[in-house]
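Visitor: Pasted the sequence and its predicted model underneath.
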Amino acid sequence: MTRNEMLQDLLVRVPIVQTLGMRCDVKGDDMTAILPFNNKLIGNFSLKALHGGAIGTFLELTAMAQLFLESDVEKLPRTINITVDYLRRGRAENLFARAYIVKMGRRMSSVRVEAWQAERSKAVAAMQGHFLLSRPELESQ
C-alpha cells in the first residue's frame with residue numbers, strides 16, 4: 001500500500017475530516033488539500049464568509065496530512081502549537097491549501113501552510129505549526 005493510499009485510508013476514519021468534507025489530491029510529490037464549500041461552514045451569513053475555525057482546522061489537518069505523507073509515522077502527528085494568520089475573508093467557495101515542511105526532526109516537525117480560493121497568489125490564510133511525530137521506536141523511551 002502506498003503512502004497516499006495509507007493517507008486516504010486514515011483520513012476517512014477521522015471524524016472532523018468527514019464533518020468538513022476535506023479531501024487530499026496527491027499527484028507525485030505534491031499534495032493539495034481541498035475543502036469543498038458547504039453552507040454549514042459559513043461563520044457570518046450576512047457576509048457569506050467561511051468560519052475562521054473551519055479554516056484553521058483545515059490548515060492544521062493539511063499540515064498533518066503532509067507530515068504523514070513525507071514521514072514514516074503510522075498515525076497522524078499530534079499538534080504542539082499552531083498560529084493562524086487570517087489574511088482575507090474566506091468567500092463561500094472551495095478552499096485549497098498546500099503545506100511545506102520547514103524542518104522534520106526525529107520527534108518534532110515545523111510546517112507552514114497556505115490556503116487560497118480563486119487565485120493561489122491571494123492567500124486567504126496562512127498557518128505555522130509544530131507537531132509531535134509518533135514514531136514506534138521513540139514511544140518506548
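Guide: All right, it came through fine.
Visitor: only C-alpha atoms for contact and neighbour calcs from this point on.
Guide: Will do.
Visitor: what about stretch 5-21, distance to the chain center?
Guide: 11 Å (CA atoms, centre = their mean, to the nearest Å).
Visitor: In terms of pLDDT, where does the spatially most central residue of the chain sit?
Guide: By CA atoms, centre = their mean, the chain has its centre lying nearest to T62, at 1.3 Å. If you check T62, the pLDDT there is 98.
Visitor: tell me the contacts of it?
Guide: Shown in contact with T62 (CA atoms under 8 Å, 6 or more residues apart in numbering): A33, A97, R98, A99, V113.
Visitor: Inside strands: which ones of these?
Guide: A33, A97, R98, A99, V113 (DSSP state E).
Visitor: For E119, state which of the residues you listed is nearest.
Guide: A97 (11.5 Å; CA to CA).
Visitor: my read: M22 touches L35, true?
Guide: Yes: counting by CA atoms under 8 Å, M22 does reach L35; the two are 4.7 Å apart.
Visitor: Mind checking which of these two has more residues around it?
Guide: With neighbours defined as other CA atoms under 10 Å, M22 and L35 compare such that L35 has more, 23 against 20.
Visitor: Wait, that one touches D25, no?
Guide: No: using CA under 8 Å, L35 is not in contact with D25, being 11.0 Å away.
Visitor: And A63, its phi and psi?
Guide: phi -60, psi -40 (degrees, to the nearest 10).
Visitor: burial count for the residue nearest to it when sequence neighbours are not counted?
Guide: What sits nearest to A63 in space, not counting adjacent residues and going by CA to CA, 6 or more residues apart in numbering, is A99, at 5.5 Å. Burial measure for A99: 26 neighbouring residues, criterion other CA under 10 Å.
Visitor: how about the strands of this protein, start to end?
Guide: 23-27, 30-35, 42-44, 49-50, 78-86, 95-104, 108-116, 123-132.
Visitor: counting contacts, what elements does the fourth one pack onto?
Guide: Read that as strand 49-50. strand 42-44 (3 or more CA pairs under 8 Å, 6 or more residues apart in numbering; DSSP states H and E).
Visitor: In the strand it packs on, which of the residues would be classed as buried?
Guide: Burial within strand 42-44, assessed by neighbour count using 16 or more other CA atoms under 10 Å, is assigned to I42, G43.
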